[in-house]
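Visitor: build the 3D model from these lines:
(one chain, ligands or ions: 1)
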Amino acid sequence: VKPYRLVYWPGIPGRAEYVRLVLEEAQAPYVDTAQLPESEGGGVPAVMAALRGELGGVRPYAPPILQHGATVISQTANLCRYVGRRHDLWPADPALDPVALGLQLTVADLVKEAHDTHHPISGELYHEQQEDAALEAARSFRTKRMPKFLRWFERVLADNGGNWIVGDAVSAVDLALFQTIEGLRYAFPRGARAVERETPGLVDLHDRVAARPNVAAYLASDRRQPFNEDGLFRRYPALDE
Ligand SMILES: N[C@@H](CCC(=O)N[C@@H](CS)C(=O)NCC(=O)O)C(=O)O
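Guide: From the prediction side, this is the model:
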């Protein structure tokens, strides 16, 4: 297997974490520029170089970015599918490919809405410049949007037999649901627990993903970065009240 190179901001798990989980579950060889010193081609300069188009191909709009041989691609869901397909972490049935992609993109929608609770006006402003709007956005997210998304995933999981969200085996989409639940629990400890009472199937899926040997080994390693207040999922207690 050609090694993968994942290009992402250092210091936060962020959206790259969705791709890392697929690479780790697959035991695929990869370099993570977020963990690499600048002197070895990592760090912020690696992201900036990729955004300038220096990896070749179409210059990416935003990280995470994946380089694999001559292939240079962006968009988290696209990366998860790309790696997943090469390592049996994506449904092999061609009819299920667009179905899985639809689910993976819906995870991305949920993640974007979770992110936008702390940046409801603009990603170009600091959170501290939009705190009042954030309170409002978070209330709506916790009470309406997050429950709507999670109840829907719960239904889809049940409709598929309860084991995996799509197809008959674990896929990148299951890993993404695991990571999203982790993030929601971090950002909204009270809000997430309240919804989880209604989504026992998703909680069970989360636990079964966490217990997979490759995932468990990754979670216990220093490659797994903790959530923090610079990332996608942030814990601002006021937003969970
Ligand atoms: N839809 C894209 C969003 C990518 C994205 O927003 N990346 C963030 C970091 S997680 C970023 O650096 N964005 C810069 C920007 O949007 O200007 C994806 O899912 O990959």
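
Visitor: and the nearest residue to residue 199 once chain neighbours are set aside, how many neighbours?
Guide: The shortest distance from residue 199 to any non-neighbouring residue, by CB to CB, 6 or more residues apart in numbering, is to residue 154 (4.2 Å). Yep, even glycine has a C-beta here, placed from its N, CA and C like the rest. Using other CB atoms under 10 Å as the criterion, residue 154 is surrounded by 20 other residues.

Visitor: what's the average pLDDT for whichever strand or helix holds residue 154?
Guide: Assigned by DSSP states H and E, residue 154 belongs to helix 146-159. Helix 146-159 shows an average pLDDT of 98 in the prediction.

Visitor: which other helices and strands does it contact?
Guide: Helices and strands touching helix 146-159, as assessed by 3 or more CB pairs under 8 Å, 6 or more residues apart in numbering; DSSP states H and E, comprise helix 97-118, helix 189-196, helix 200-210.

Visitor: quick one on the thing from earlier: could you pull up the contacting residues of the residue nearest to residue 199?
Guide: With contacts taken as CB atoms under 8 Å, 6 or more residues apart in numbering, residue 154 has the following neighbours: 198, 199, 200, 201, 202.

Visitor: quick revisit: how distant is the helix holding residue 154 from the center of its chain?
Guide: Its chain's C-alpha centre lies 17 Å from the corresponding centre of helix 146-159 when counted by CA atoms, centre = their mean, to the nearest Å.

Visitor: could you do stretch 18-35 as well?
Guide: Centroid separation for stretch 18-35 versus its chain: 12 Å, with CA atoms, centre = their mean.

Visitor: what are the boundaries of the helices in this structure?
Guide: Counting by DSSP state H, one finds helices in the chain at the ranges 16-26, 43-51, 76-86, 97-118, 131-140, 146-159, 172-187, 189-196, 200-210, 213-219.

Visitor: list the buried residues for the shortest one?
Guide: By neighbour count, with 16 or more other CB atoms under 10 Å as the criterion, the buried positions of helix 213-219 are 215, 218, 219.

Visitor: again with stretch 152-168
Guide: Per 16+ other CB under 10 Å, stretch 152-168 contains these buried residues: 153, 154, 156, 157, 160, 164, 165, 166, 167.

Visitor: how big is the angle separating the helix holding residue 154 from helix 97-118?
Guide: Orientation of helix 146-159 against helix 97-118 (axes from the mean of the first three to the mean of the last three CA atoms, to 10 degrees) gives an angle of 160 degrees.

Visitor: that older thread, most packed of the helices and strands packed on helix 146-159?
Guide: Ranked by average neighbour count under the criterion mean count of other CB atoms under 10 Å, those are headed by helix 97-118 at a mean of 19.

Visitor: quick one, that helix and helix 16-26 angle?
Guide: Using the same axes, to 10 degrees, the interaxial angle of helix 97-118 with respect to helix 16-26 works out to 140 degrees.

Visitor: would you format the helices and strands packed on helix 146-159 as CSV with mean pLDDT included?
Guide: Supplementary listing: the helices and strands packed on helix 146-159 in CSV, determined by pLDDT from 0 to 100:
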stretch, mean pLDDT
helix 97-118, 98
helix 189-196, 97
helix 200-210, 98
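
Visitor: mind putting those helices into CSV with distance to the ligand?
Guide: Supplementary listing: the helices and strands packed on helix 146-159 in CSV, determined by distance: least, CB to the nearest ligand atom, whole Å:
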stretch, distance to the ligand
helix 97-118, 5
helix 189-196, 20
helix 200-210, 20
